[in-house]
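Visitor: got a structure for you, letters missing:
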């Protein structure tokens, strides 16, 4: 069963790597001044092309002084989100493993309580 999971995980990892590398390798976005801007920048460009006099309804609460700081804040947000997801899924997996061990002890008659100390 683990080899099937390992194959699926390897395939998913390969797919993610392809999604990250292919746009760069194929030169997608070479015709643009900033090829890989975010969706906000693309939307702003499209809106100003359609309606040059457009006025936004809201302004940002905080405008970072530079692109580097904005990038760092975005990276921090991504890291916190990834940490939260890793914690959540790790907790779920640990609980499931604990329940399986407890069920195995009950089925085994609890004859060897020290058997799981090394695990």
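Guide: Thanks, I have it. Here the structure is a predicted model, which means the values were calculated and not measured.

Visitor: do you know the pLDDT at residue 118?
Guide: On pLDDT, residue 118 comes in at 53.

Visitor: I misspoke; the intended subject was residue 113.
Guide: 54.

Visitor: tell me the centre residue of this structure?
Guide: Centrality entry for the chain: nearest residue to the mean C-alpha point is residue 82, 5.7 Å, by Cα atoms, centre = their mean.

Visitor: what strand or helix carries that one?
Guide: Applying DSSP states H and E as the criterion places residue 82 in helix 67-107.

Visitor: just the mean pLDDT for stretch 17-33, thanks.
Guide: For stretch 17-33, the per-residue pLDDT averages 81.

Visitor: mind showing which ranges of the chain have poor pLDDT?
Guide: Regions of the chain meeting the criterion pLDDT under 70 cover residues 1-2, 34-37, 110-119.

Visitor: buried ones in stretch 102-109?
Guide: In terms of neighbour count (16 or more other Cβ atoms under 10 Å), stretch 102-109 has no buried residues at all. Quick note: C-beta positions are derived from backbone N, CA and C, even for glycine.

Visitor: how about the secondary structure of residue 65?
Guide: What DSSP: H, G, I helix; E, B strand; the rest coil gives for residue 65 is coil.
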